[in-house]
Structure formats: structure tokens, C-alpha cells
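**Q** build me a model from this:
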Amino acid sequence: LFKCRCCVPLCQASSKYNSLLSFHTFPSDAEIRRKWLVAIQRDKFTVTPHTRVCRRHFNKEDLREPVSETGRRLLNKGAVPALFEWNNFTLPTSRPGIWERKERPPQVSEDDGDTACEKAYIPMAHDYASAPDPAVVDLALDDNMSLRDEILKLREHVEKLTMNQRHIHKVRCPDCSVELLQQQI
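**A** Numbering: from 1, shown residues only. Predicted coordinates:
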């Protein structure tokens, strides 16, 4: 099997030591390929069909998880690597827009407020077209996001354990027939 290495400077990721890490080829679109080269800070770099960037350099929103266990992790169209050692693997926080920073007064409709209050509420036995309560949706979304974060942390833990596994060696005592396992740190 072909072993991949990440071409990003300061990144030592290799599929030889971590089979769970995905590696992505450069896009064929010239504009996005140029954005990749600028992002990884390799302006005068020759891209070959074997040049790869590991998934550690992409936001989780840029990655599509495989639908099956044997499937491949793919990038969303237009994804550009953004997480690097030189930016501590974080994105710069964007400044909120004026509408997000400034509190707006509630809008009052021109309609007569009494008519809306006079309408009687008629409960229905079944309302199949009703939308779920936004608070319930928010809770479900929070649970979903926390579970996704937990999955990512567990995958990173598996990656770390896989990397540490290569440091475990069998050591044989020359004077006895006992085998010892020793982890080099």
C-alpha cells in the first residue's frame, strides 16, 4: 500500500504510523489549488498527484464523515486547509456584524393589537404539520454537537494510541527467558 505524508510544513503526519488519519489530494480547480498553496505557506511548490494534506488542517465543517466503516472521509467542495501549527490549530475569531452587536428594539406591527388577543385558541387533537419547539430543537442540536465532539476526541485518542503503539518494543533479558514489555518515553 502507498503510504502518505502530509506536505504542510512542520506537520509530521504519516499514514505509515496512523492508518485512521485521512489524507487529501490537492483540488483540480486552479483557484482553490492556489488558495491551498497560500494557506499552507508553500508558494513555490510543485504539486504532484501524490501530494497530500492531512485532515488535521481542515475544519470539521469541511469534512464529510464516511457513511460506512469502510468508506472514505471526503472534503466538502471549496474546502481550504486553515488549521496549522503556526496558528495553534485555531481559527481567528471574526468580528460580529453591526446587527449582531447592536441591540434592536422590538418591532411593533401597525395592526390593532386587540384583534389578535380576541382570537380564541382552539386545541387540535393531532397537529401533524406543527414544527417542534425551538428550545427542544436547540437541546437536540447541543446534544448532537457534544456527541460529535466526543467522537472527534475519541478518534484523536485512537490516533494518539496508535502513534504511541510504535514505541512499544519487546525486550528480552539475555540472562533469563522472561520477555518484558517496555514503553519508551
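**Q** now do the buried residues in the longest helix along the chain.
**A** Criterion DSSP state H: the longest helix present in the chain is helix 134-165. Buried residues in helix 134-165, counting neighbours by 16 or more other Cβ atoms under 10 Å, are found at residue 159. The way it works is simple: take the backbone N, C-alpha and C, and place the C-beta from them, glycine included.
**Q** and residue 67, how far is that from residue 80?
**A** Residue 67 sits at a distance of 24 Å from residue 80 (criterion: Cβ to Cβ, to the nearest Å).
**Q** which of those two has more neighbours?
**A** Set residue 67 next to residue 80 and count neighbours by other Cβ atoms under 10 Å: residue 80 wins out with 18 against 7.
**Q** show me where this protein has strands.
**A** Assigned by DSSP state E, the strands in the chain fall at 23-25, 52-54, 63-64, 74-75, 168-172, 179-183.
**Q** what does the first one contact?
**A** By that I understand strand 23-25. 4, 6, 13, 15, 49, 51-55, 58, 75 (Cβ atoms under 8 Å, 6 or more residues apart in numbering).
**Q** pull up the pairing partners for it, direction included.
**A** Using DSSP bridges, the strands paired with strand 23-25 are strand 52-54 (antiparallel).
**Q** what pLDDT, on average, does the partner strand get?
**A** What strand 52-54 shows for mean pLDDT is 89.
**Q** tell me the predicted confidence for the nearest residue to residue 64 once chain neighbours are set aside.
**A** If the residues on either side of it in the chain are set aside, residue 64 comes closest to residue 74, at 4.6 Å by Cβ to Cβ, 6 or more residues apart in numbering. As predicted, residue 74 sits at a pLDDT of 83.
**Q** domains in the chain, as residue ranges please.
**A** 1-92, 133-185 (automatic domain parsing).
**Q** so what's the residue count around the nearest residue to residue 85 once chain neighbours are set aside?
**A** Nearest residue to residue 85, sequence neighbours excluded (Cβ to Cβ, 6+ apart): residue 10, at 4.5 Å. Applying other Cβ under 10 Å, we find 9 other residues in the vicinity of residue 10.
**Q** just residue 39 next, same as before
**A** Residue 39 has 16 nearby residues by other Cβ under 10 Å.
**Q** so it touches residue 83, yeah?
**A** No - checked against Cβ atoms under 8 Å, the pair residue 39 and residue 83 is beyond contact range at 9.7 Å.
**Q** need the contact partners of stretch 29-49.
**A** 7-9, 25-27, 53, 57, 78, 80-82, 84, 86.
**Q** and the helices in the protein, which stretches?
**A** 30-39, 98-101, 113-118, 134-165.
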